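Visitor: Show me how the following folds:
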Amino acid sequence: MRLEKIEEIQSFDNKNFVHPWEYMKDVGQKKRMFAEKAEGIYLYDENGEKLIDGPGGMWCVQIGYGRPEMAKAISDQILKVPYYSPWNMSSSPSAMLAHKIAELTPGDLNHVFFTTCGSTAVDSAIRFVHFYNNVLGRNTKKKIISREKSYHGSTYLSATMCGKDRDKDWMDTAKDLVHFLPDVNPSRRPEKISVDEFLDEKISDLENAILTLGAENVGGFIAEPVLASGGVIVPPKGYHKRCLDVCHQYDVLYISDEVVTSFGRLGHIFASEAVFDIVPDIITTAKGLTSAYIPMGAFLVSDRLLNEFNNPDLESAIFSNGFTYSGHPVSSAAALKNIEIIENEGLLEHVREISPYFQQRIKELRKLPLVGNTRGVGLVGCVECQIVDSESHDALEMDIAMGVRIDKHCQALGLIVRPLWNMCVFSPPLVITMEQIDEMFNILEKGIILTTDELSKEGLWKG
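Guide: Numbering: from 1, shown residues only. As a prediction, the model looks like this:
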């Protein structure tokens, strides 16, 4: 692409495209990288420079870029049937995908409600919890318990469930519908408390919240198996199983938000049972469902819950929730091909094989003085850097500026990172090799070292 052409297109981006999470003072002022080509784990910018996609888009490009078989599956379906109304029809790809997902889910989660993305999957799941309790005559059982640092979406109801305070600085949410539990990050526990003691405390947090709010008022508990956007927080071993037990003790529905962790990120199609030993009542999914080749989401619900509606003593009720694109045939065809690729190429086994090395390379970065902590599981990880050990506003601003510097250096060296304030998070395509893992973290190390040198010269870092 000629330079003058890309500069003109970049001007269109600034003049007309309002991006997600945009600082209003920056509208029209950015000069973003343009992704103009992609292949495997790599993106190519407007200048033809090749960069490793460290975040895998937004935790979502499982099978990698440039898959001709995906393009064919999508185009073939477009030529057959590009759309049907899900209100009064169905289509073969949609029904086949629902059946395939039901074969892959844990326990009796055999019913699939298709949505457009992860936000609408969570939104719909919460609405189902409310609907379920209304039909059963438990009209007060509506409160949802969530957690600090959690992220569940950006529609009004899913955003309500998010525990990242800074995302809500200027946005309204339905605060009366949610209660937040304290941080479950074991690396943040007081020095004198063991991991086991911390785990006991976190389980008590949940039970005490239910008792304080009143079990008759609590409809559900929503939890990401790994709090992804919160900084790849992995709760202590056994946390989810014990939370599920508490929920079932008080008749509270457990929603496992697997928008990030499903479809191979942790080496299994669904991580809830395979990794965390739980069979939840509801699972939400999106992202890796189609490897982001086309938008789609879903929530999966257990037979046990749906069977309760068969009671002849209950009034017949309509779950009046849905979308123009629910079960979209082109998205369904893409998801079916995506699952086929994951299975045929043994990507789940590949992830389980290379994950220990991925996590080892992340952990080795703790040797750098700017790195305060690393953590992760499967093919998702976080490198947390810190200038000063403080929760102050000034310290936060310094950490944000540091993250921008690391991002800038890494991009110049051939790596896209996604700085979440002071944290560099990684969820590369599942097809990544050990050699590419080395390439990725070698670049990150150089980027952190260059940033450290800059901060030292400017008197902002004393080591």
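Visitor: For stretch 188-207, list every residue counted as buried.
Guide: Across stretch 188-207, burial judged by 16 or more other Cβ atoms under 10 Å covers 189, 198-199, 202-203, 205-207. C-beta: built from backbone N, CA, C; applies to glycine.
Visitor: Of those residues, which belong to helices?
Guide: Assigned to helices by DSSP state H, the following of the buried residues of stretch 188-207 qualify: 198-199, 202-203, 205-207.
Visitor: now for those, which pair is the farthest apart?
Guide: Using Cβ to Cβ, these span at most 15.3 Å, a distance reached by 198 and 207.
Visitor: Give me the contact list for the lowest-mean-pLDDT helix or strand in the chain.
Guide: Least confident helix or strand of the chain, by mean pLDDT, DSSP states H and E, is strand 418-420 with a mean of 81. Contact partners of strand 418-420, identified using Cβ atoms under 8 Å, 6 or more residues apart in numbering, comprise 54-55, 229, 231, 403-404, 406-407, 424-425.
Visitor: Out of the residues you listed, flag the one nearest to residue 69.
Guide: Distances from residue 69 to those, taken by Cβ to Cβ, are shortest for residue 55, at 24.0 Å.
Visitor: circling back to that earlier point, any of the contacts of strand 418-420 buried? List them.
Guide: 54-55, 229, 231, 403, 406-407, 424-425.
Visitor: Could you check how far the nearest residue in space to residue 266 that is not next to it in sequence is from residue 271?
Guide: Nearest residue to residue 266 in three dimensions, chain neighbours excluded: residue 378, at 3.4 Å (Cβ to Cβ, 6 or more residues apart in numbering). Distance of residue 378 to residue 271, given as Cβ to Cβ, to the nearest Å: 8 Å.
Visitor: Compare the two (neighbour count), which wins?
Guide: Legend: neighbour count by other Cβ atoms under 10 Å for residue 378 and residue 271, higher for residue 271 (27 against 24).
Visitor: quick one: contacts for the more buried one?
Guide: By Cβ under 8 Å, 6+ apart, the neighbours of residue 271 are 225-226, 258, 261-262, 265, 378.
Visitor: What ranges does this structure have for its helices?
Guide: Using DSSP H, helices in the chain cover 3-16, 56-59, 68-80, 92-104, 118-135, 156-160, 195-213, 239-249, 271-274, 303-307, 329-344, 347-364, 393-413, 434-457.
Visitor: Contacts for the fourth one next, please.
Guide: Read it as helix 92-104. The list of residues contacting helix 92-104 from outside it, by Cβ under 8 Å, 6+ apart, reads 77, 86, 109-112, 114, 269-270, 298, 300, 327-330, 332-333, 335-336, 339.
Visitor: now swap in the longest one and tell me
Guide: The list of residues contacting helix 434-457 from outside it, by Cβ under 8 Å, 6+ apart, reads 41, 52, 54, 354, 357-358, 361-362, 364-365, 368-371, 383, 385, 387, 402, 405-407, 409-410, 413-415, 417, 424, 426, 428, 432, 461-463.
Visitor: The first one now?
Guide: Residues outside helix 3-16 that contact it (Cβ under 8 Å, 6+ apart) are 27-32, 34, 46.
Visitor: rerun at 7 Å
Guide: Residues outside helix 3-16 that contact it (Cβ atoms under 7 Å, 6 or more residues apart in numbering) are 28-32, 34, 46.
Visitor: what about it, distance to the chain center?
Guide: Mean-position distance between helix 3-16 and its chain equals 31 Å (Cα atoms, centre = their mean, to the nearest Å).
Visitor: ditto for the longest one
Guide: Per Cα atoms, centre = their mean, the displacement of helix 434-457 from the mean C-alpha position of its chain is 25 Å.
Visitor: Equivalent analysis for the third one, please.
Guide: Its chain's average C-alpha position is 27 Å from that of helix 68-80, according to Cα atoms, centre = their mean.
Visitor: The buried ones among the contacts of strand 418-420: which two are farthest apart?
Guide: 229 and 406 (17.8 Å).
Visitor: And for residue 409, the neighbour number?
Guide: Residue 409, neighbours per other Cβ under 10 Å, totals 21.
Visitor: For residue 33, see how far away it is.
Guide: If you go by Cβ to Cβ, the gap between residue 409 and residue 33 works out to 14 Å.
Visitor: same deal with residue 184?
Guide: 34 Å.
Visitor: Quick check: which of the helices of the chain is nearest to residue 314?
Guide: Nearest to residue 314, of the helices of the chain and by Cβ to Cβ, is helix 118-135 at 6.0 Å.
Visitor: Check which residues of that closest one are buried.
Guide: 118-126, 128-133, 135.
Visitor: Over to stretch 71-79?
Guide: So for stretch 71-79, counting by 16+ other Cβ under 10 Å, buried means 73-74, 77.
Visitor: quick one: contacts of that stretch?
Guide: Under Cβ under 7 Å, 6+ apart, the answer for stretch 71-79 is 93, 293-294, 329-330, 333-334, 337.
Visitor: which stretches of the chain have low pLDDT?
Guide: By pLDDT under 70, the weakly predicted segments of the chain are 1-4, 388-393.
Visitor: so what's the backbone phi/psi at the most centrally placed residue in it?
Guide: By Cα atoms, centre = their mean, the chain has its centre lying nearest to residue 260, at 3.4 Å. Main-chain dihedrals, residue 260, degrees, to the nearest 10: phi -90, psi -40.
Visitor: so who does it touch?
Guide: 59, 224, 226, 228, 287.
Visitor: Present these as a markdown table; the columns should include neighbour count and distance to residue 143.
Guide: Below are the contacts of residue 260 laid out as a markdown table (neighbours: other Cβ atoms under 10 Å; distance: Cβ to Cβ, whole Å):
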| residue | neighbour count | distance to residue 143 |
| --- | --- | --- |
| 59 | 26 | 28 |
| 224 | 25 | 19 |
| 226 | 26 | 24 |
| 228 | 25 | 24 |
| 287 | 29 | 27 |
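Visitor: picking that back up, kindly reformat the buried residues of stretch 188-207 as TSV containing distance to residue 254.
Guide: TSV is the format used below for the buried residues of stretch 188-207 (distance: Cβ to Cβ, whole Å):
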residue	distance to residue 254
189	24
198	21
199	17
202	15
203	13
205	15
206	11
207	14
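Visitor: Out of those residues, flag the one nearest to residue 155.
Guide: residue 206 (25.0 Å).
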